[in-house]
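Kindly return the folded structure for what I paste below:
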Amino acid sequence: MYDYISIRANENFSKKITVEKFVTLIENNLNNLKKESQASFSLILDNFIIIIQGILATSNGSYSFYSDSEFTEINLIEIDIPQGAESIFHTEILNLAINIASLLAWEVHDHETEKVLYPKNT
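A predicted model of the protein is given here:
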């Protein structure tokens, strides 16, 4: 079971970036992440695997996909957190989300509380 934190430009997902730009930003700025697929990376914290997934979502944040190889653009990044890892690595995971959001001038959104945890740069 997973929990997740979302990174988005705004609440209606109206701003997109290319997958190429996403990958370049991650690879050039967060070298502790391992590329897993066209639009996903992973980070290992102890025995937990944290997944960072770029997604092309609808205007309400919904999505469905079999493979991220179909994406040329993304408007949502989800950090998937295995059950139990969030309580242990809360600070590390939130800092990762903030680092990614700041690179894009996007915001970090907690889906459980519906709160913006890190405001986008304006």
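
low pLDDT regions in the chain?
Within the chain, the segments meeting pLDDT under 70 span 1-2, 120-122.

K15 and A9 touch, don't they?
Yes - using CB atoms under 8 Å, K15 is in contact with A9, at 3.4 Å. (C-beta placed from N, C-alpha, C; glycine too.)

out of these two, which sits in the more crowded spot?
A9 (18 against 14; other CB atoms under 10 Å).

so what's the more buried one up against?
15, 75, 104-107, 120 (CB atoms under 8 Å, 6 or more residues apart in numbering).

Just the buried residues of these.
Among these, those classed as buried by 16 or more other CB atoms under 10 Å are 75, 104, 106-107, 120.

quick one: which of these is nearest to E114?
E107 (12.4 Å; CB to CB).

Bridged to the closest one, which residues?
R8 (DSSP bridges).

So that it lines up with my notes, have the first residue be 78 from now on.
Yes, from this point I'll number from 78; that puts the last item at E184.

List the buried residues for the lengthiest helix in the chain?
Looking across the chain with DSSP state H, the single longest helix is helix 167-181. By neighbour count on 16+ other CB under 10 Å, the buried set for helix 167-181 is 170-171, 173-175, 177-181.

so can I have a markdown table of the buried ones among the contacts of A86 showing distance to N106?
Below are the buried ones among the contacts of A86 laid out as a markdown table (distance: CB to CB, whole Å):
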| residue | distance to N106 |
| --- | --- |
| N152 | 20 |
| L181 | 11 |
| W183 | 14 |
| E184 | 18 |
| K197 | 17 |
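
nearest to I165, of those?
E184 (24.6 Å).

is it true that the closest one touches F90?
No - with contact defined as CB under 8 Å, E184 and F90 do not form a contacting pair (11.4 Å).

Name all residues that make contact with the closest residue to I158 other than its chain neighbours.
Nearest-residue entry for I158: D80, 4.8 Å, with adjacent residues in sequence omitted and distances by CB to CB, 6 or more residues apart in numbering. Neighbouring residues of D80 by CB under 8 Å, 6+ apart: 157-158, 160, 163, 189.
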